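Student: Model the structure of this input:
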Amino acid sequence: MNKEANQPAALRDWAVAVKALAEGKQILVLRKGGIAEETRDFKLVSDAFYLLPAYEHQKPELLKEAYRHGIAETLEDWDPEQGTIRVGAYAEAVADIEIRDQETLDRIREFHIWTDAFAEERLKWKRSKPLHLLLLRVYAAAEPLEIPMLPSYSGCKSWVSLEEQSLELRPDWKPVLDDEEFAKQRDAVIAALGA
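Tutor: Now for the predicted structure:
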């Protein structure tokens, strides 16, 4: 990604995953990089970034039963013909932990929304590259920003640079979880990993 200083970074992820993060239902994402990545693997390009919902590739059967309805809920707020996208969450990366084996991945199954089979599929894709577990401190806006959906925001890639005007519209962001609850969840994930 060609990120300039005046253009904030945004991490693209399934809208249902962004929703789970913004609602405090999980504090992590699992990434290996998109097919359209320049290096074809994942790299943390910024410690703080917006969460940009992506609607391609979302499939209910890849989510645990309790989260499948979330896809329909995210689609209620999305109109591809409108030419805009809503951005209502911002994150700070607290840790970037590499996962290289199934045993480690299995230890965190209760902390994410994906099925075991889909998490395993992410691990096995590009086997020589690690799966990145990003622990995120997430902040949400009372009212999401509505920004133009530019062609550069689409595609199978992890990172995009948002246009400068989105910063001017940035509202006050509030932590999704208070300090105590976030620390409790962060420590539980780290303990499960045996780190």
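Student: CA atoms for contacts and neighbours, from now on please.
Tutor: Will do.
Student: For the host helix or strand of residue 136, buried residues please.
Tutor: Assigned by DSSP states H and E, residue 136 belongs to strand 131-148. Residues 131-141, 144-145, 147-148 are the ones in strand 131-148 that count as buried (16 or more other CA atoms under 10 Å).
Student: Kindly list the longest helix within this structure.
Tutor: Looking only at the chain and at elements set by DSSP state H, the helix with the highest residue count is helix 179-193.
Student: For the chain, which segments are assigned as strands?
Tutor: Shown for the chain, the strands assigned by DSSP state E span residues 9-14, 28-31, 48-54, 84-99, 131-148, 159-161, 173-175.
Student: Adding distance to residue 106 and mean pLDDT, write those strands out as a markdown table.
Tutor: Formatted as a markdown table, these follow (distance: least, CA to CA, whole Å; pLDDT from 0 to 100):
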| stretch | distance to residue 106 | mean pLDDT |
| --- | --- | --- |
| strand 9-14 | 21 | 91 |
| strand 28-31 | 13 | 94 |
| strand 48-54 | 25 | 92 |
| strand 84-99 | 10 | 92 |
| strand 131-148 | 13 | 91 |
| strand 159-161 | 27 | 87 |
| strand 173-175 | 28 | 89 |
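Student: which stretches of the chain aren't confidently modelled?
Tutor: The model of the chain has pLDDT under 70 over residues 1-6, 33-40, 164-171, 195.
Student: Quick check: the gap between the most far-flung residue of the chain relative to its centre and residue 65.
Tutor: Relative to the centre of the chain, and counting by CA atoms, centre = their mean, the farthest-placed residue is residue 81 at 23.8 Å. Distance, residue 81 to residue 65, by CA to CA, to the nearest Å: 30 Å.
Student: again, but for residue 82
Tutor: For residue 82, the distance to residue 65 (CA to CA) stands at 31 Å.
Student: what do you get for residue 173?
Tutor: For residue 173 relative to residue 65 (CA to CA), the value is 30 Å.
Student: Contact partners for residue 9?
Tutor: Contacts for residue 9 (CA atoms under 8 Å, 6 or more residues apart in numbering) come out as 3, 45-46, 48-50, 159-162.
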